[in-house]
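S.K.: Structure for this input, please:
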Amino acid sequence: MTELLITLVILVVFAALIGGLTMLKKQNKSFTFRVVAALILGLVFGALLQIVLGYNSAILKSAMDWISVVGSGYVRLLRMIVMPLIFISILYAFVTQRSKNLGKMTVRVLGVLLITVAISALVGALTTAAFGLSAQGLQVGQAEAARGTGLEETLANFAKTPIQQQIMEIIPTNPFAALTGQGSNATLSVVFFATILAIAAIQIRKFKPESAQFFETMVVSLHDVTMRLVNLVMRFTPYGILALMTRVAATSNVSDILRLLQFILASYLAIAIMFGIHLLILAMFGLNPMTFVKKSMDALIFAFTSRSSAGTLPMTISAQKERMGVPEGTANLAGSLGTSIGQNGCAGIYPAMLAVMIAPTLGINPLDPVFLIRLIVITTFASFGIAGVGGGATFAALVVLSALGFPVGLAGLLIAIEPLIDMARTALNVSDSLLAGVISAKSMNELNLEQYNQPTVEE
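M.R.: Predicted coordinates:
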């Protein structure tokens, strides 16, 4: 009875925090302010719960199960609209684009994504080497050993599929199944189907203009409705972040964090350096980096808390076109492609760090230029098709380590701190998608500089 009462008290306090965020909205506080407030409140509330109740408390687990209904429910809402949004965004970008530069724009978006993931792999490798991290220094617990065994089995199943078949699986035999997320490359399959459907629609303009116009009108209508749906879901963002951060703070094992603190510090330093490189690239193109930071903050905070690049897609697209002056077609392309290609954090830094940690145990000098070049090339091409949800980094690590001929069990040893480092990695992934849209538009002289440089953002 006492446990039930304490659980109810926790839930009442959580409901009161939600009420407080609602009051902030009624007071016309900006969306960014409410998101940051939710982040801080969640961290403080979750930490207090763990301090008072203890890490393994049954009461804490029961309360978190209920609070997760809000957090996980919000993430599920976002994932619900991800595939339709990717499909309609790609279709809309091609069908409504009258410019002949769309092909060049696509190449430039891909170029930014791939170049930055190559740089991120180098940053991850050099940072790991600077910290002197090695796979030999990690302790193996029961959960980590089980995870390592599971990854070995996953790799074995992955290796059974020839590379030719993996490439072919991008072409969906059932595009509707791909839209439901089925298949190993569902996101790229949706992008592929939307692209060839758009090409077909563009080609019939020459001999069936009425049908082409009708299809374009239908696509525009679907796009408008989808974006309205996105807007409705976005209204729940502060509440979702409050719940997600409460759970993170309440359920993080402090002893595990301390045991692997050096790897966490190295990861965050590498991610911070890569964020700095993003800002340096913006400066090289004559854009104010601090403006980019301020206008992308909402998306980055949500990516940090949700650990889902795909789930952040609506905010990624919105930030580009509504705040940074990126044309809608370019924003849709950069955001959609960035959910599965060139993810700097999950597909760049993380696999490179693991490879450098394992290399010395196999008698390989991780700073050997030949090894670094090979690592960067493999990591860059392995970044294609990495799912933009939690767990994508582990799959990227499997692909890179197996391509290098390295054992993959190390990824299992980091299971205890995976959520903690995944938050920052996901924020970096989203930053790269935003960067790809802004830089591509700027290089094509299609960026609205007046909108980008506008000092205030209308909420």
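
S.K.: Disregarding residues adjacent in the polypeptide, which is nearest to Ala319?
M.R.: What sits nearest to Ala319 in space, not counting adjacent residues and going by C-beta to C-beta, 6 or more residues apart in numbering, is Ala299, at 4.9 Å. For every residue, glycine as well, the C-beta is placed using N, CA and C.

S.K.: Strands along the protein, start to end?
M.R.: With DSSP state E, there are no strands along the chain.

S.K.: Spatially central residue for it, please.
M.R.: Ser309 (2.2 Å; C-alpha atoms, centre = their mean).

S.K.: sorry, back to before: okay but the residue nearest to Ala319 is in contact with Val430, surely?
M.R.: Yes. At 5.5 Å, Ala299 and Val430 qualify as touching, with contact defined as C-beta atoms under 8 Å.

S.K.: Identify the contacts common to those two.
M.R.: Taking C-beta atoms under 8 Å, 6 or more residues apart in numbering as the contact rule, Ala299 and Val430 both touch Thr312, Thr316.

S.K.: Among these two, which residue is more densely surrounded?
M.R.: Neighbour totals were compared for Ala299 and Val430, and Val430 leads with 31 against 26 (other C-beta atoms under 10 Å).

S.K.: Identify the residues contacting the more buried one.
M.R.: So Val430 contacts Ser296, Ala299, Leu300, Ala303, Ser309, Thr312, Thr316, Gly338 (C-beta under 8 Å, 6+ apart).

S.K.: and the residue nearest to the centre of the chain, how far is that from Ser336?
M.R.: 11 Å (C-beta to C-beta, to the nearest Å).

S.K.: what stretches of the stretch 101-250 of the chain score poorly on pLDDT?
M.R.: 136-167, 181, 183-185 (pLDDT under 70).

S.K.: make it 50
M.R.: 139-152, 154-155, 158 (pLDDT under 50).

S.K.: any idea how far Val13 is from the residue nearest to Ala319?
M.R.: In this view, Ala299 and Val13 are 29 Å apart by C-beta to C-beta.

S.K.: What of Thr291?
M.R.: 38 Å.

S.K.: Mind checking which of these two has more residues around it?
M.R.: Neighbours were counted for Thr291 and for Val13 using other C-beta under 10 Å; Thr291 has more, 17 against 14.

S.K.: All the helices of the stretch 101-250 of the chain, in order from the start?
M.R.: Assigned by DSSP state H, counting those that start in this stretch, the stretch 101-250 of the chain shows helices spanning 102-131, 142-159, 163-168, 175-179, 186-203, 209-234, 237-251.

S.K.: Let's have these in a markdown table, adding mean neighbour count and distance to Gly325.
M.R.: Below are these laid out as a markdown table (neighbours: other C-beta atoms under 10 Å; distance: least, C-beta to C-beta, whole Å):
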| stretch | mean neighbour count | distance to Gly325 |
| --- | --- | --- |
| helix 102-131 | 21 | 15 |
| helix 142-159 | 14 | 41 |
| helix 163-168 | 11 | 36 |
| helix 175-179 | 16 | 31 |
| helix 186-203 | 19 | 24 |
| helix 209-234 | 14 | 18 |
| helix 237-251 | 25 | 23 |
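
S.K.: Out of the ones you listed, which is closest to Val400?
M.R.: helix 102-131 (8.6 Å; C-beta to C-beta).

S.K.: Tell me which residues touch Pro84, please.
M.R.: For Pro84, the contacting residues are Leu179, Thr226, by C-beta under 8 Å, 6+ apart.

S.K.: buried set for stretch 288-304?
M.R.: For stretch 288-304, burial by neighbour count (16 or more other C-beta atoms under 10 Å) applies to Thr291, Phe292, Lys295, Ser296, Met297, Asp298, Ala299, Leu300, Ile301, Phe302, Ala303, Phe304.

S.K.: What average pLDDT does it get?
M.R.: On average, the pLDDT along stretch 288-304 is 91.

S.K.: just how off-centre is that stretch within its chain?
M.R.: How far stretch 288-304 lies from its chain's middle: 14 Å, per C-alpha atoms, centre = their mean, to the nearest Å.

S.K.: Please list the residues outside it that contact it.
M.R.: Residues contacting stretch 288-304 (C-beta under 8 Å, 6+ apart): 31-32, 35-36, 39, 237, 240-241, 278-280, 282-283, 309, 311-312, 315-316, 318-319, 323-324, 423-424, 426-427, 429-431, 434-435, 438, 452-453, 455, 457.

S.K.: Likewise for stretch 103-115?
M.R.: With C-beta under 8 Å, 6+ apart, stretch 103-115 has contacts from 329-330, 333-334, 337-338, 341-342, 380, 383, 432-433, 435-437, 439-441, 443-444, 446.

S.K.: Which ones among the residues you listed map onto helices?
M.R.: Among the contacts of stretch 103-115, DSSP state H puts 329-330, 333-334, 337-338, 380, 432-433, 435-437, 439-441, 443 in helices.

S.K.: Need the max-distance pair from these.
M.R.: Top of the distance list for these (C-beta to C-beta): Gly329 and Thr380, 25.5 Å.

S.K.: Return the closest of the ones in helices among the contacts of stretch 103-115 with respect to Pro407.
M.R.: Of the ones in helices among the contacts of stretch 103-115, the one sitting nearest to Pro407 (C-beta to C-beta) turns out to be Thr380, at 22.1 Å.

S.K.: what's the closest one in contact with, if anything?
M.R.: Leu114, Val117, Ala118, Ala121, Gly342.

S.K.: Let's see that with 6 Å instead.
M.R.: Contact analysis of Thr380 by C-beta atoms under 6 Å, 6 or more residues apart in numbering lists Leu114, Val117, Ala118.
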